[in-house]
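**Student:** Show me the folded form of this:
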Amino acid sequence: MIPKLRLPDSSELEALRALCRYETHGGYVWAGVMDDGELMCVPCLRDNYRQVFRETRDNGDSGWAIQGYANSGESESTEYCAHCNKPIWEH
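**Tutor:** So this is what the prediction gives:
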């Protein structure tokens, strides 16, 4: 299970907006942690922004709601996007 990183004053919707603006920050690759515990890459978050936003706002349990975010510095293994199956980061 990937630990989700959350800023103390950050909501899930603010995290989604920030993730869709930047794919990398501080040299790390970022991904969204969805409500089912899976990771979604930034390009898939951008492509499905409306659905993810709506499910997050409405506290949906379909697997499309974002619960936080993770970065490549938190994992020692290769992680794949649950939507497109492409590697998000490789170690």
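
**Student:** Please pull up the helix or strand immediately following the helix or strand of the chain with the lowest mean pLDDT.
**Tutor:** Among the helical and strand segments of the chain, the one scoring lowest on mean pLDDT, DSSP states H and E is strand 24-25, with a mean of 65. With elements assigned by DSSP states H and E, the helix or strand that comes after strand 24-25 is strand 28-34.

**Student:** May I see the buried residues of that next one?
**Tutor:** Taking 16 or more other C-beta atoms under 10 Å as the basis for neighbour counts, the residues of strand 28-34 that come out buried are V29, W30, A31, G32, V33, M34. Every residue, glycine included, has its C-beta placed from N, CA and C.

**Student:** Can you name the residues bridging to the most centrally placed residue in the chain?
**Tutor:** The chain has G32 as the residue nearest its centroid, 0.4 Å off, counting by C-alpha atoms, centre = their mean. On the basis of DSSP bridges, G32 is bridged to M40, Y69.
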